[in-house]
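Student: dropping the sequence and predicted coords here.
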Amino acid sequence: MLTVGLLSPAELSQRLHGGLTLKTGPFAYRIHSTFPSVAAGLATLYADFQLEPEGGIADFHVHVQPVKGLRRWLGAQVEFRLDQHSPFLPLPADHAFALLEWGMNWCLASQANHYLLFHAAVLEKDGQCLVMPGDPGAGKSTLTAALMLSGWRLLSDEMAMVDRDDGRVTPLARPVSLKNQSIDVIRGFAPQAVLGEAARDTHKGTVSHLRPSAASVAGRARPARPTQLIFPRWRAGAPTQLTAVPKAQAFERLAGHAFNYSLLGRLGFELTASLIDASHCWDFSYSDLADGLAALEGLKS
């Protein structure tokens, strides 16, 4: 099996010029880019990921390329395209790899409607599967990164993909997106963690991505059945506390994090209801990361 890490820098750049087909979970992305930062980001963060044969079938054909036309006079800029469609405005050229990550997320959120999609992290360990929706600033990605670095298998940081046939979550195991203070928190928590180059002054502040663990990537073919639904919230000085959430309230809150709940209609309702019925539902507040991890380790089915 050929992986990104087996390519030399020259081979990786050459493949990106012609289109490199990267396998992430059930999807293959054909990535075209001439930006050295895209090649560097893939080499650092996707080293364990499988490459499809050149000329193989891809689900998404994406381009991260310099802007042409009049916009080039505004300074070096980069655009993301799915086929010939550009869903985002161009960004500064030094945001190229972050734009690729956001674009890959957009592809799933807008196209992968054979799954029920939630904006949530998913991790699994010893049969416990945590689904963690997160509002901006709630500390979801920091908690996700710390759990993964503590031995949990990462299925996803941004996108919980619930299979329409059996209700299990399909793994992606792509890099974890860390923002602002979370970057230093995770560096302090796990000095061995591998982070990519930071993109500064984005619309989310400073963004850096954390390499998924080798065990998480190796588990890319093993879906997991949710057992715990966690609504995390980091609060300065707050004690670590798990508070049970009534299932009717949890249903409403989880549905609010769905990308395609309404589109799926009755099936969206039934899949969400099944996930809630199978899970213990909690509000989770914490300020100390080590205490928070210990509390989640202690959850029982």
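Tutor: Thanks, I have it.

Student: mind jotting down where the helices sit in the stretch 51-200 of the chain?
Tutor: Secondary structure of the stretch 51-200 of the chain (DSSP state H, counting those that start in this stretch): helices located at 96-111, 140-149, 181-189.

Student: now for the longest one, which elements pack on it?
Tutor: Other elements packing on helix 96-111 under the criterion 3 or more Cβ pairs under 8 Å, 6 or more residues apart in numbering; DSSP states H and E are strand 27-33, helix 36-45, strand 60-66, strand 77-82, strand 159-163, strand 199-202, strand 205-210. For every residue, glycine as well, the C-beta is placed using N, CA and C.

Student: shaky segments in the stretch 51-200 of the chain?
Tutor: 69-75 (pLDDT under 70).

Student: out of the helices and strands packed on helix 96-111, flag the one nearest Pro232.
Tutor: Comparison of the helices and strands packed on helix 96-111 against Pro232 by Cβ to Cβ identifies strand 159-163 as nearest, at 13.9 Å.

Student: by contact count, what packs against the closest one?
Tutor: helix 96-111, strand 115-125, strand 169-170.

Student: repeat that with 7 Å
Tutor: Packed against strand 159-163 by the contact rule (3 or more Cβ pairs under 7 Å, 6 or more residues apart in numbering; DSSP states H and E) you find strand 115-125, strand 169-170.

Student: that older thread, tell me which of the helices of the stretch 51-200 of the chain sits most buried.
Tutor: Mean neighbours per residue, mean count of other Cβ atoms under 10 Å, is largest over the helices of the stretch 51-200 of the chain for helix 140-149, with a mean of 24.

Student: could I get the helices of the stretch 51-200 of the chain as TSV with distance to Ala121?
Tutor: What follows is the helices of the stretch 51-200 of the chain, written out as TSV (distance: least, Cβ to Cβ, whole Å):
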stretch	distance to Ala121
helix 96-111	13
helix 140-149	4
helix 181-189	13
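
Student: which among those helices is found nearest to Ala120?
Tutor: Ala120 sits nearest to helix 140-149 of all these, at 7.8 Å, using Cβ to Cβ.

Student: could you check how far the closest one is from the centre of its chain?
Tutor: Centroid displacement of helix 140-149 relative to its chain, using Cα atoms, centre = their mean, to the nearest Å, is 11 Å.

Student: likewise stretch 77-88?
Tutor: Distance of stretch 77-88 from its chain centroid, counting by Cα atoms, centre = their mean, is 20 Å.

Student: ends of it, how far apart?
Tutor: Using Cα to Cα, to the nearest Å, one end of stretch 77-88 lies 12 Å from the other.

Student: got a list of contacts for that stretch?
Tutor: With Cβ atoms under 7 Å, 6 or more residues apart in numbering as the test, stretch 77-88 has contacts from 35, 60-67, 71, 90-93, 95-96, 99-100, 103, 106-107.

Student: what comes up buried for it?
Tutor: Using 16 or more other Cβ atoms under 10 Å as the test for burial, stretch 77-88 gives Gln77, Val78, Glu79, Phe80, Arg81, Leu82.

Student: sorry, back to before: pull out the buried residues from the contacts of stretch 77-88.
Tutor: Neighbour counting over the contacts of stretch 77-88 (16+ other Cβ under 10 Å) leaves 35, 60-67, 90-92, 95-96, 99-100, 103, 106-107 as the buried ones.

Student: I'd like the buried residues of stretch 77-88 as CSV, with distance to Ala255 appended.
Tutor: Converted to CSV, the buried residues of stretch 77-88 look like this (distance: Cβ to Cβ, whole Å):
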residue, distance to Ala255
Gln77, 37
Val78, 35
Glu79, 33
Phe80, 29
Arg81, 32
Leu82, 27
